[in-house]
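Novice: Test case, fold it:
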Amino acid sequence: MLSKDQVQDLVRPYFDQCVQDISLLRGGFANTNYRFSLKGLDQHYVLRIPQKNKEQFKKEIAVLKLVQEKVTVPKVIASNFDPEF
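Specialist: From the prediction side, this is the model:
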């Protein structure tokens, strides 16, 4: 499990606010999912980290972006496939 500081490091390029809390979401087989909130915002986000097939995950992100204005899907705020993360 990632620490609060590790999650903060991963989301820092996309959010100015500090991570307030995190929790590991259960049930992901191909991804590890963390629910987190930011200080001063009354909203929760999900950080998804692919564990198995990164190419399949890239396709999933592309499909979400493609259909986001036509159907209700989670909004993709950012995606980063840099191997250093």
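
Novice: Surely residue 61 is in a helix?
Specialist: Yes. Remark: residue 61 belongs to a helix, assigned using DSSP: H, G, I helix; E, B strand; the rest coil.

Novice: what's around it, how many residues?
Specialist: Neighbourhood size, residue 61 [other Cβ atoms under 10 Å]: 15. The way it works is simple: take the backbone N, C-alpha and C, and place the C-beta from them, glycine included.

Novice: so where do the helices sit in this protein?
Specialist: For the chain, helices defined by DSSP state H occupy the ranges 4-11, 54-67.

Novice: Of those, which is nearest residue 17?
Specialist: With Cβ to Cβ as the criterion, residue 17 lies closest to helix 4-11 of those, at 9.1 Å.

Novice: ok, residues contacting the closest one?
Specialist: Contact with helix 4-11 is made by 2, 18-19, 21-22, 34, 36, 45, 47, 85, as judged by Cβ atoms under 8 Å, 6 or more residues apart in numbering.

Novice: 6 Å instead, please
Specialist: Here helix 4-11 makes contact (Cβ atoms under 6 Å, 6 or more residues apart in numbering) with 19, 22, 36.

Novice: Check the residues you listed against residue 81 and report the nearest one.
Specialist: Using Cβ to Cβ, the contacts of helix 4-11 come closest to residue 81 at residue 36, 19.9 Å.

Novice: What residue, apart from its backbone neighbours, is nearest that closest one spatially?
Specialist: Residue nearest to residue 36 in three dimensions, not counting chain neighbours: residue 22, with 4.5 Å by Cβ to Cβ, 6 or more residues apart in numbering.
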